[in-house]
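Undergrad: coordinates only, no sequence provided:
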């Protein structure tokens, strides 16, 4: 066997010294590109695919002698040739802070090439004022309209209700499930013990910390429905230049002034770190795309108004409705055929599928079950054969649940404008705690403000709608993504609202494709009172033993 190292370039001592500043090594077949300029990294990767030279030799021959080589390369390839794929070779990480949930969701609609992290509404309370003001966006168009005062009054009332409910609700939860009912880790016994039997002050303090954090998280979970969509959030984005360019183009074409303002700021910052990758976002290329999107949206809007005007809305739609699914036999044949195809010895998928159709049902199920038999936890994900089967669900959840499920990138999700037309969800615990009167008054005020605003500015009216209001959308996903989402979102520490939704999604898949659903091995169908309790105990134990 020939050692592949004989094919590597050999560099002089002077060349090695130069390469040390731009690559992790100069003498191995595997190396990292560490040259500081992002544009050079991307240009080097793209140039690498068009030459028989090694990458380090390309760098020495073409980049060290011309400091503008990367910029020149992208100007030619992107602007002159229109080769968009090379724009994926430039990456950036950005943060956008103090934006509304309306705009955050519009940004996060772009799911290809971008990854997001968003501020949680479960662990962070929104009761503090900054400079005498609650943290919600005063949208420019709303504030300049006759509805500005009504908008401020409604949002302030929502935040007031939220803020004054936190402590009473925590007290109620502590009375309902006192700390004495729970067990915690006893460091002297090295096992769980009831709170009243803990032996050391350290263990007692640790137990109180776990309990109080859990109670707070539960209270904020129950109260987040009061927050309006104008509530400020922070979003971190990691992505490539091509995805950022497309995101910027659509943001510039938005009707919302907040989005356009953020687009200007985002373009400025990206232009400072990956300028060659985003420079077309608002030029003739970008403007043509914006015009296409705008004209298409206007045309469809007109058709929808004409065709759908006579269809009355449902008064109380189902929380989860499975609309499109595959016949069980066909679904099993597709998955079983794809499972066998990977290990085939030259046979075509067509012939394998014909054979699987003729298999006894027990043999077909044997193949399907073997595919997930050895999964021992949810991170052991099923393979791509599970992508052969699709489901379309229509969901009428509150906006808070939508925010959580919206983060799943490997599914198609389409939605309408946020409104108050479909009613709202009132947690039973708030009724039991005697906080429902304030909650209902808050919803009524928001509904009135929305209905008045929506007549003139329907997109901006979304800002005043609370998270508790129900929201229609549909999600199309394959079985593999359904498995991931269901197992993740039914974990005990999950928000109770989206746990119920994903449990229903699982039940529907199990109803129509029972054998395939067996592969979703870690769906937790139980109910929990203090959802984060066990997770907080594990975290605290790790902190103590680390």
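TA: Thanks, I have the structure now. The shown structure was predicted, so the numbers you read here are calculated from the model rather than taken from an experiment.
Undergrad: CA only for contacts and neighbour counts going forward, please
TA: Fine.
Undergrad: what distance do you get for residue 101 to residue 333?
TA: 43 Å (C-alpha to C-alpha, to the nearest Å).
Undergrad: higher neighbour count, those two?
TA: For the pair residue 101 and residue 333, the greater number of neighbours falls to residue 333 (26 against 23), based on other C-alpha atoms under 10 Å.
Undergrad: where does this structure dip in pLDDT?
TA: Segments of the chain classed as low confidence (criterion: pLDDT under 70) are 1-7, 74-75, 77-89, 537, 540-546.
Undergrad: just want the most central residue of it.
TA: The central residue of the chain, meaning the one whose C-alpha is nearest the mean C-alpha position (C-alpha atoms, centre = their mean), is residue 407 at 1.6 Å.
Undergrad: gap between residue 277 and residue 36?
TA: Separation of residue 277 from residue 36 (C-alpha to C-alpha): 16 Å.
Undergrad: now do residue 27
TA: Here the criterion is C-alpha to C-alpha. By it, residue 27 lies 20 Å from residue 36.
Undergrad: look at these two and report which has more neighbours.
TA: Taking residue 27 and residue 36 together and counting by other C-alpha under 10 Å, residue 27 has the greater number of neighbours (14 against 11).
Undergrad: downstream of the longest helix along the chain, the next helix or strand is which one?
TA: Ranked by residue count under DSSP state H, the longest helix found in the chain is helix 148-176. Using DSSP states H and E, the next helix or strand after helix 148-176 towards the C-terminus is strand 183-186.
Undergrad: sheet partners, orientation included, of the helix or strand that comes right after that next one?
TA: Proceeding N to C from strand 183-186, the next assigned helix or strand is strand 191-194, under DSSP H and E. Each strand pairing with strand 191-194, determined using DSSP bridges, is listed with its direction: strand 183-186 (antiparallel).
Undergrad: what about the strands in this structure?
TA: Counting by DSSP state E, one finds strands in the chain at the ranges 91-100, 114-118, 183-186, 191-194, 232-240, 320-324, 390-398, 412-415, 470-478.
Undergrad: by how many degrees do the second one and strand 91-100 diverge?
TA: Angle of strand 114-118 versus strand 91-100, following axes from the mean of the first three to the mean of the last three C-alpha atoms, to 10 degrees, is 40 degrees.
Undergrad: what does the last one give?
TA: When the same axes, to 10 degrees is applied, the directions of strand 470-478 and strand 91-100 differ by 160 degrees.
Undergrad: can you list the strands that strand 470-478 pairs with?
TA: strand 390-398 (antiparallel), strand 412-415 (antiparallel).
Undergrad: check the second one too.
TA: On the basis of DSSP bridges, the sheet neighbours of strand 114-118 come out as strand 232-240 (antiparallel).
Undergrad: buried sites along the strand it pairs with?
TA: Taking 16 or more other C-alpha atoms under 10 Å as the basis for neighbour counts, the residues of strand 232-240 that come out buried are 232, 233, 234, 235, 237, 238, 239, 240.
Undergrad: ok, the fifth one touching residue 117?
TA: Okay, so that is residue 237. Yes - the pair formed by residue 237 and residue 117 meets the contact definition of C-alpha atoms under 8 Å, at 6.7 Å.
Undergrad: tell me who's in contact with residue 151.
TA: With contact taken as C-alpha atoms under 8 Å, 6 or more residues apart in numbering, residue 151 is in contact with 142, 449, 464.
Undergrad: name the nearest of these relative to residue 284.
TA: Comparing the contacts of residue 151 against residue 284 with C-alpha to C-alpha places residue 142 closest, at 30.4 Å.
Undergrad: what's near enough to touch residue 254?
TA: residue 260.
Undergrad: what separation is there between it and residue 296?
TA: Applying C-alpha to C-alpha, the value for residue 254 to residue 296 is 13 Å.
Undergrad: again, but for residue 255
TA: For residue 255 relative to residue 296 (C-alpha to C-alpha), the value is 14 Å.
Undergrad: leaving out the residues flanking it, which one is nearest to residue 465?
TA: By the measure of C-alpha to C-alpha, 6 or more residues apart in numbering, the closest residue to residue 465 outside its immediate chain neighbours is residue 228, 5.2 Å from it.
Undergrad: my guess is that neighbour contacts residue 467. True?
TA: Yes - shown here, residue 228 and residue 467 form a contact pair, counting by C-alpha under 8 Å, at 5.9 Å.
Undergrad: without its sequence neighbours, what residue ends up closest to residue 111?
TA: Counting by C-alpha to C-alpha, 6+ apart, residue 111 lies nearest to residue 409, which is 5.4 Å off, once chain neighbours are set aside.
Undergrad: tell me how many other residues crowd the one you found.
TA: Applying other C-alpha under 10 Å, we find 18 other residues in the vicinity of residue 409.
Undergrad: okay but it is in contact with residue 114, surely?
TA: No - counting by C-alpha under 8 Å, residue 409 stays clear of residue 114, with 9.2 Å between them.
Undergrad: hmm, residue 398 is touching residue 471, no?
TA: Yes - counting by C-alpha under 8 Å, a contact exists between residue 398 and residue 471, whose distance comes to 5.5 Å.
Undergrad: ok, now which ones touch residue 211?
TA: If you count contacts by C-alpha under 8 Å, 6+ apart, then residue 211 has 179, 533 around it.
Undergrad: now it: how far from residue 170?
TA: The span separating residue 211 from residue 170 equals 11 Å under the rule C-alpha to C-alpha.
Undergrad: do residue 341 as well
TA: 55 Å.
Undergrad: got the contact list for residue 427?
TA: Residues near residue 427 by C-alpha under 8 Å, 6+ apart: residue 222.
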